[in-house]
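Engineer: Okay, sequence plus prediction incoming.
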Amino acid sequence: MQVEAIYDQGHLEFAYPLQLKHQRVRLMVEVPDDEIVNQPNAYNLPPEVLARARNMLEKYAAIVNAPLPPDADLPELSAEYQERLDAIELRAQLRQEQGRPV
């Protein structure tokens, strides 16, 4: 669930009242880059190491954000892989019949 909140001196204030089940809840907070004060290099890494790390991150981001190929361009599933998928589906059905989490 996404909710809007305002950070104020170490506390998050929800824009709308929200009643949580527990007193302590782990959250993921997205902070705009322009709201973060630039922090110095905490590990005192040389600039060339930082540059390599940035390049690696850019390559990984390009892979993660790359568009998926159309289904028609994907290769056919091998018989072995199809057997694995069938086994996974069978296991899920059995677990569901037994009332266990899938």
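Structural biologist: Received the coordinates, thanks.

Engineer: So which residue is smack in the middle of the protein?
Structural biologist: Centroid-nearest residue in the chain: Met28, 10.2 Å away (criterion: C-alpha atoms, centre = their mean).

Engineer: Can you verify it is assigned to a helix?
Structural biologist: No - remark: Met28 does not belong to a helix; assigned using DSSP: H, G, I helix; E, B strand; the rest coil, it is coil.

Engineer: Distance check, it against Leu12.
Structural biologist: For Met28, the distance to Leu12 (C-beta to C-beta, to the nearest Å) stands at 12 Å. (C-beta placed from N, C-alpha, C; glycine too.)

Engineer: How about Ala53?
Structural biologist: From Ala53 over to Leu12 (counting by C-beta to C-beta), the distance is 30 Å.

Engineer: again, but for Val37
Structural biologist: Following C-beta to C-beta, the distance that separates Val37 from Leu12 is 18 Å.

Engineer: Now do Pro46, the pLDDT please.
Structural biologist: With respect to pLDDT, Pro46 has a value of 90.

Engineer: wait, I meant Tyr16
Structural biologist: 90.

Engineer: Repeat that for Arg100.
Structural biologist: Looking at Arg100, its pLDDT reads 93.

Engineer: wait, is it part of a helix?
Structural biologist: No - assessed with three-state DSSP, Arg100 is coil; it does not lie in a helix.

Engineer: List the contacts of it.
Structural biologist: Residues in contact with Arg100 (C-beta atoms under 8 Å, 6 or more residues apart in numbering): none are found.

Engineer: before we move on, the earlier item: quick one: which of Val37 and Leu12 has more around it?
Structural biologist: More neighbours surround Leu12 than the other of Val37 and Leu12, with 11 against 4 (other C-beta atoms under 10 Å).
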